[in-house]
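Engineer: dropping the sequence and predicted coords here.
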Amino acid sequence: MRFSRSMLFLASLSLLACNNEKTSHANNNLNEADSTETTIQSQKPKSSLDSLDALIAAEPNNLEALSERGYQKLQRNDQQGAWLDFQRAFNVDSTYAPLLLHLGELNMLRNQSRQARNRWTQCANVDPENIDCRLNLVKLHASIQNFEPALKYANELIDIDEYFAPAYLYKGIIARDSRHDTDLALQYFQKATDLDQDYIEALDLMGVTLASKRDTLAQYYYKRILNLEPNNAEIYYKLGVHYMEIDELNRAIEAYTKATQLNPNDADSFYNLGYIFTVKVKDYHEALDYYSKSIKANPNQNYKAHYGKGYAYEMLGDVINAKKEYLKTLELLPVHQPAKDGLQRIRN
C-alpha cells in the first residue's frame, strides 16, 4: 500500500504523546493527594503500647495516655481501637489539642472530611500555636479549592514560624490554583526549597512548573530530587516529558528507559518511547516493541498504545495487523477519530 506525503503527515499528527497528562495529574493536584489521604503525623511514639496499657490500667482517665495509645493504634491501622481510645479521652477533655488532631486524621481515613475540618478548626482555636492542625486545614481547604481559608491558615503558620517551609509550598499552590499566577507560585516554591533543601514536594513543584514553561532549569530541580531519591521512577518520567517537549530526544529516551527499568509497569513511559520511535525516529519495529510493553503494563483502556501499534503496522505496510489494532482502539474508545481515520486509509 502506498501513502501520500500529506496523508502520512496527518496520520503522524494524530499520534499524540502521553506527555503532560500524567505529570499534571500527579502534580497540579499535589495538594489534593496530601489532604484527601491524610498522612498520620510521623512523630515518634512517646511510649510503647505495653507501657501505655499499664498506665491506663492504673489511671483509666489519663488523657495524654489515652490519646497517645489511640494514635499508636491509628498508625497500626486499628481504626476501631483508636476510636475507642479517642472517645474515652474525649469524655475526659474534649478540648485537648493532640486528641483533636488525631480525631481529625481518623475522620479523614473514614472519608469524613467535614468532621475532620471541624476537629482541626477546634484544635486551632484552642491552641493558637498548633502547627499540625493548621497545616492539615491548609491542605484540606486547598484540595476543595476553598482558597480563602486555606490562605488564612497558611499565613497563620508563617506567623507562628516564619521558617516553616510547607506554609510557603501551599501559598504557592494557592497562588497557582486560585489566581493562575505561576510566577508568584514559583517564588513561594523557591522559598520553600531555600528553607528546606531536601523538600521533595517543593523541588517537584519547581520542576513541574518550570517544565510547563519549557524552562530548562526544570532539569536542575528534578536532578536534585534524584540525588535524594535515585530510584524515583516518577521523576525520570517527568524528565523524559521535559526533554521530549524541548526536543532533546536522546535524553528523553534515556530518562524514559530509566523510568521503565525502575518501574516495569510504567505504561506511559513505554508509550512515549513508542511515540518517539514512531514519529521522530521512524523506527517502526522498535516502536511496536515499546507499544506492546505499554499494553502489557496496562492491558485495560490503553487505547493510545493500540493506536500507536496500528499506525506503526500501517507504516510497515502490514494492513491486517494495522486493522486489528485500530479496531481494538475503537473497542476501547469508540469515539477515537484517529483510529477511524486509520481504518479509512487502509481501506482506500
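Structural biologist: That came in fine, so what should we check first?
Engineer: chain neighbours aside, what residue packs nearest to Ala150?
Structural biologist: The spatially closest residue to Ala150, leaving aside those adjacent along the chain, is His141, at 3.7 Å (Cβ to Cβ, 6 or more residues apart in numbering). Backbone N, C-alpha and C define where each C-beta goes, glycine included.
Engineer: wait, the one you found touches Phe147, no?
Structural biologist: Yes - using Cβ atoms under 8 Å, His141 makes contact with Phe147 at a distance of 7.2 Å.
Engineer: more neighbours, the two?
Structural biologist: His141 (23 against 17; other Cβ atoms under 10 Å).
Engineer: check what pLDDT the more buried one gets.
Structural biologist: Reported pLDDT at His141 in the predicted model: 98.
Engineer: any idea where the strands of the stretch 201-348 of the chain begin and end?
Structural biologist: Read by DSSP state E, counting those that start in this stretch, the stretch 201-348 of the chain holds no strands at all.
Engineer: listing request: residues of it with sub-threshold pLDDT.
Structural biologist: For the stretch 201-348 of the chain, no stretch is flagged by pLDDT under 70.
Engineer: how many other residues sit next to the closest residue to Arg224 other than its chain neighbours?
Structural biologist: Of all residues not flanking Arg224 in the chain, Leu203 sits nearest, at 5.3 Å (Cβ to Cβ, 6+ apart). Residues within reach of Leu203, counting by other Cβ under 10 Å, total 25.
Engineer: so what's Leu203 up against?
Structural biologist: 193, 221-222, 224-225 (Cβ atoms under 8 Å, 6 or more residues apart in numbering).
Engineer: max pairwise distance over these: which two?
Structural biologist: Spatially, the most separated pair among the contacts of Leu203 is Thr193 and Tyr222, at 12.6 Å (Cβ to Cβ).
Engineer: work out for me the element the residue nearest to Thr121 when sequence neighbours are not counted sits within.
Structural biologist: Counting by Cβ to Cβ, 6+ apart, the nearest residue to Thr121 once its immediate chain neighbours are dropped is Leu137, at 6.7 Å. Using DSSP states H and E, Leu137 falls within helix 131-143.
Engineer: can you name every helix or strand that that helix contacts?
Structural biologist: Using 3 or more Cβ pairs under 8 Å, 6 or more residues apart in numbering; DSSP states H and E as the contact test, the elements touching helix 131-143 are helix 30-36, helix 97-109, helix 113-126, helix 147-160, helix 165-179.
Engineer: Thr257 contacts Phe270, doesn't it?
Structural biologist: No - between Thr257 and Phe270 there is no contact under Cβ under 8 Å: 9.7 Å.
Engineer: tell me which of those two has more neighbours.
Structural biologist: Taking other Cβ under 10 Å, Thr257 and Phe270 do not tie; Phe270 has more neighbours (28 against 16).
Engineer: residues touching the more buried one, list them.
Structural biologist: 256, 260, 290-291, 293-294, 297, 305.
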